[in-house]
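Participant: What follows is a predicted structure for the sequence shown.
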Amino acid sequence: MSHAEIEDCDTGVVAVCPWHRYDFDLKTGHSETGMKACTYATDIRTEDEVEYIWVEAPDGGSGWRLVEFRPVSEEFADPPPPPSDLSHLSISSPTPKEPEPLVPVENTPTTLIQWAVLILNTPDPMLKVQRTRHAVKLFRTGHLKSIGHRSSKAPRPPDAPPREELYARNTVDVSKINRRKNRAVMLHALANIEQWAIDLAWDIIARYGPSHPDLPPAFFADFTKMALDESKHFSLLTARLAALSPSTPYGSLPVHAGLWESAQVTFASLRARLAIIHLVHEARGLDVNPGTIEKFRKAGDEESVRVLETIHHDEVTHVTTGHRWFTWVCAKEDVDPVQTFREEVRKGWRGDVKGPFNAVDREKAGLTPDFYENLKGEMKQTVASEKNTQADVAVGYEGAAI
């Protein structure tokens, strides 16, 4: 934060983190991300004609003294970190390359769809997070030419988002994922899911926007918020992983791409995507998150508990978003949403939709038991996916089961 940018906004003055574009109100410490930083009143006072800096002491205790006061301005004390520098993770690329700029100099995106495709094609997860923050801010403040989904020249998303070499070589079949359950492994697994979730939020915009020109702006507002939330979750989890286990930085353990493989089944249908990814996978997250949180609580890891509780609250809204737009599509097509959802799961899922179910949070999101009880997918198994059933893929959202 010593490299923070100071910006005016409607509610006051904020400091904006250059890494993830998180903003913090200088008076209250509150951030639109839901986080809160500590703030202390500061003043310039004069005593015996000598000016000195006075800073309010933290609550409680006595005998506080100011050890260091570091100014924040456009002229930083040291150079700001480059956007894709991974040195804080103790990871170095075998072939160092010039970091990509946040905003490409050539072919700069001017529409939301163009930004979505750019972010999907961004291999560096840290830069993916930064570009997500930047693109959502441009969209929310009206600085984009258009959404771009009604253009005949809208770019197409990749069949699979690329990953940097470090992460690509550690991506394995889900059946080969280590079943250990220590906290570092669980945080690493959850961070991997959140990285794919960022891509899925942008993919639903880029893949289905151009084929559904009747989608209203609210659809894109909802899924850009989801992309922003997932980038926040990824950042919180990787930061917590670095603090808990510095020798296990993100990317150092095997990960799987099961969630994306499940999404590929839905490429041809927005309705199927909403059903399978948001109302099966993400809803399963609501079922298992409380158990994962309890494991960290029993370990006395309250910092991780706070992170996971923040993520869980956000995920309820994500399932709500999936339900909202699934029922919107069903209304447009004049079909019953419950029966249509069950049919989509039968066609696009393998095996039972597992319980036990978190009925309370599912109902908050609009999923009543008639959607999911006694439901089984009948999609045929392929030779290529024999070991990678969607029952295993569901484990990806569980995190704790990995």
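Facilitator: Alright, I've got the coordinates. Numbering: from 1, shown residues only.

Participant: Need the residue closest to the centroid of the protein.
Facilitator: The C-alpha lying nearest the average C-alpha coordinate of the chain belongs to residue 230 (C-alpha atoms, centre = their mean; 1.3 Å).

Participant: if I look at that one, how far off is residue 379?
Facilitator: 26 Å (C-beta to C-beta, to the nearest Å). Glycine gets a C-beta too; all of them are placed from N, C-alpha and C.

Participant: residues in contact with the helix or strand that contains residue 135?
Facilitator: Using DSSP states H and E, residue 135 falls within helix 125-140. With C-beta atoms under 8 Å, 6 or more residues apart in numbering as the test, helix 125-140 has contacts from 19-22, 83-86, 99-100, 102-103, 109, 112, 115-116, 118-119, 122, 143-144, 164, 167, 195, 198-199, 202, 220-221, 224-225, 227-228, 230-231, 234-235, 250.

Participant: Quick check: buried residues in it?
Facilitator: 125-136, 138-139 (16 or more other C-beta atoms under 10 Å).

Participant: where exactly do the helices run in the chain?
Facilitator: Using DSSP state H, the helices of the chain run over residues 112-120, 125-140, 165-168, 183-208, 217-244, 258-264, 270-273, 282-298, 302-333, 337-348, 359-364, 369-372, 390-398.

Participant: In TSV, list these along with mean pLDDT and distance to residue 12.
Facilitator: Shown next, in TSV, are the helices of the chain (pLDDT from 0 to 100; distance: least, C-beta to C-beta, whole Å):
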stretch	mean pLDDT	distance to residue 12
helix 112-120	98	28
helix 125-140	95	17
helix 165-168	72	39
helix 183-208	95	29
helix 217-244	95	21
helix 258-264	91	39
helix 270-273	98	39
helix 282-298	96	33
helix 302-333	96	23
helix 337-348	97	43
helix 359-364	95	32
helix 369-372	97	43
helix 390-398	39	38
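
Participant: Can you say which of those is nearest to residue 39?
Facilitator: Closest approach to residue 39 among these is made by helix 302-333 (18.8 Å; C-beta to C-beta).

Participant: on contacts alone, who are the packing partners of that closest one?
Facilitator: helix 183-208, helix 217-244, helix 270-273, helix 282-298, helix 337-348, helix 359-364 (3 or more C-beta pairs under 8 Å, 6 or more residues apart in numbering; DSSP states H and E).

Participant: Quick check: which of these is buried the most?
Facilitator: helix 183-208 (a mean of 25; mean count of other C-beta atoms under 10 Å).

Participant: Would you mind giving the orientation angle of that one with respect to helix 282-298?
Facilitator: With axes from the mean of the first three to the mean of the last three C-alpha atoms, to 10 degrees applied, the angle from helix 183-208 to helix 282-298 works out at 160 degrees.

Participant: Give me the angle between helix 183-208 and helix 112-120.
Facilitator: If you take the same axes, to 10 degrees, helix 183-208 sits at 150 degrees to helix 112-120.

Participant: Hmm, residue 154 and residue 113 touching each other?
Facilitator: Yes: with contact defined as C-beta atoms under 8 Å, residue 113 reaches residue 154; the gap is 4.9 Å.

Participant: These two: which has the busier surroundings?
Facilitator: Between residue 113 and residue 154, counted using other C-beta atoms under 10 Å, residue 113 has the larger neighbour count: 28 against 20.

Participant: quick one, what contacts the more buried one?
Facilitator: Neighbouring residues of residue 113 by C-beta under 8 Å, 6+ apart: 147, 148, 149, 151, 154, 155, 205, 206, 209, 210.

Participant: now do 6 Å
Facilitator: 148, 149, 154, 206, 209 (C-beta atoms under 6 Å, 6 or more residues apart in numbering).

Participant: these two touch, right, the fourth one and residue 157?
Facilitator: So the one you mean is residue 206. Yes: Residue 206 is within contact range of residue 157, at 4.1 Å (criterion: C-beta atoms under 6 Å).

Participant: any shared contact partners between the two?
Facilitator: With C-beta under 6 Å, 6+ apart as the test, residue 206 and residue 157 both reach residue 117.

Participant: Residue 117: how many residues sit nearby?
Facilitator: 23.

Participant: mind checking how far it is from residue 210?
Facilitator: Taking C-beta to C-beta, one finds residue 117 at 11 Å from residue 210.

Participant: Name all residues that make contact with residue 338.
Facilitator: By C-beta under 6 Å, 6+ apart, the neighbours of residue 338 are 370, 371.

Participant: no, scratch that, I was asking about residue 14
Facilitator: Taking C-beta under 6 Å, 6+ apart as the test, what residue 14 contacts is 7, 23, 25.

Participant: With adjacent residues omitted, what lies nearest to it?
Facilitator: In space, and not counting its chain neighbours, residue 14 is closest to residue 23: 4.2 Å by C-beta to C-beta, 6 or more residues apart in numbering.

Participant: Beta-bridge partners for the one you found, please?
Facilitator: Bridge pairing for residue 23 (DSSP bridges) gives the partners residue 16.

Participant: Neighbours of it, how many?
Facilitator: 21.

Participant: That one against residue 17, yeah?
Facilitator: No: counting by C-beta under 6 Å, no contact exists between residue 23 and residue 17, whose distance comes to 7.6 Å.

Participant: gap between the residue nearest to residue 14 and residue 38?
Facilitator: Distance from residue 23 to residue 38, counting by C-beta to C-beta: 15 Å.
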